[in-house]
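**Q** Got a sequence here, can you model it:
(one chain, ligands or ions: 1)
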Amino acid sequence: MQSINNHITLRTKDLVIGYNNNREETPIAKNLNIDCKKGELIALVGINGSGKSTLLRTLAGLQEPLAGAVYINDKEIAKVTPASLAQQLSVVLTNQAISKNLTVAELVALGRQPYTNWLGTLTEVDKDIIIRALKRTETYILKDKKCYELSDGQLQRVLIARALAQDTPIIMLDEPMTHLDLHHKASILNLLARIATEERKTIIFSTHEIDYAITRCDKMIVMKERQALYDTPEALIAQGVFDILFPSHNVGFDRKNRIFFLKK
Ligand SMILES: Nc1ncnc2c1ncn2[C@@H]1O[C@H](COP(=O)(O)OP(=O)(O)OP(=O)(O)O)[C@@H](O)[C@H]1O
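**A** Presented below is the predicted three-dimensional model:
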């Protein structure tokens with residue numbers, strides 16, 4: 001049992017996510033119990049407004065749960081200092097305000113902030129890690145470009161490079177494939193899958209690309225009617241979860257081919 005637990009990097013216990021405005025609680029999903037292991041690629045899916053961003057923010061410690069708890073490496077996230085959290089978890093938000101006047105290399109170097117002194121001086125080890133992150137994401141060739149010169153797909157890779165430079169066991173991404181064409185969606189997903197497997201990282205990302213997630217991910221969190229179902233894609237398909245994810249009059253799910261289709 002101990003050896004199994006050693007592989008769990010992120011888990012929740014009876015988590016309730018939601019909002020507390022003017023002391024009025026609005027739960028978005030209740031009783032979430034998930035355990036994410038090293039090396040797993042996990043997709044977070046659900047219809048618009050089902051709570052994906054709320055859950056991702058709560059898992060990242062950016063928003064307090066209404067009840068229950070999130071544990072990172074067996075420590076409750078609320079009790080982890082921001083400095084320690086930055087060495088365990090990196091977050092890539094799609095609409096994050098980043099200074100696009102920075103060069104790609106400067107932006108990726110920001111990933112080393114949790115490890116540098118207050119002047120931000122980079123050691124040779126930091127520089128090696130930055131170069132490795134740039135090469136791993138195939139953005140080394142872009143290193144001297146300004147971020148405003150990048151396409152959406154290139155910027156997404158650079159943000160992943162920054163997360164790699166932060167060198168954390170857990171990476172969370174909010175809709176990393178938004179605005180990308182099919183080829184670039186596939187290439188980001190394949191990159192995330194390789195990083196999870198080869199570097200034994202836990203990667204959780206929210207997405208509307210459910211077909212791709214079913215094909216490529218180890219586990220999925222499906223937000224549905226104030227619940228979150230957590231299992232392998234195969235188990236979720238067998239349970240019929242995707243058959244009823246969308247209103248049945250306009251979207252169907254083909255179990256055999258594992259794809260959604262539009263109804264006329
Ligand atoms: N600050 C807030 N206060 C109260 N309710 C909020 C707040 N932010 C979001 N919500 C509500 O929480 C619910 C979940 O929103 P969330 O953004 O997490 O969904 P989502 O699955 O990420 O949606 P989308 O796919 O459209 O990005 C929605 O009903 C939304 O209106």
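**Q** The nearest residue to Y148 once chain neighbours are set aside: how many residues sit nearby?
**A** Nearest in space to Y148, with sequence neighbours left out and distances taken as C-beta to C-beta, 6 or more residues apart in numbering, is K100 at 3.9 Å. In short, each C-beta sits where N, CA and C put it, glycine included. When neighbours are counted by other C-beta atoms under 10 Å, K100 registers 12.
**Q** next one: the one 4 residues further on
**A** Residues lying near V104 (other C-beta under 10 Å) number 25.
**Q** Please apply the same query to Y115.
**A** 17.
**Q** I'd guessed it sits against Q87; true?
**A** Yes. If you go by C-beta atoms under 8 Å, Y115 and Q87 touch, sitting 7.3 Å apart.
**Q** Tell me if I'm right that the residue nearest to Y148 and K145 touch.
**A** No. Checked against C-beta under 8 Å, the pair K100 and K145 is beyond contact range at 10.6 Å.
**Q** Write out the residues of the stretch 1-150 of the chain neighbouring the ligand.
**A** Along the stretch 1-150 of the chain, the residues adjacent to the ligand under the rule C-beta under 6 Å from any ligand atom are 19, 21, 26, 28, 46, 48-54.
**Q** Secondary structure, pLDDT and neighbour count for those residues - can I get that in TSV?
**A** Putting these into TSV (DSSP: H, G, I helix; E, B strand; the rest coil; pLDDT from 0 to 100; neighbours: other C-beta atoms under 10 Å) gives the following:
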residue	secondary structure	pLDDT	neighbour count
Y19	strand	95	12
N21	strand	86	8
T26	strand	93	9
I28	strand	94	20
G46	coil	94	24
N48	coil	92	6
G49	coil	91	10
S50	coil	92	21
G51	coil	94	23
K52	helix	94	26
S53	helix	93	17
T54	helix	95	18
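**Q** Among these, give me the pair with the biggest separation.
**A** N21 and G46 (21.8 Å; C-beta to C-beta).
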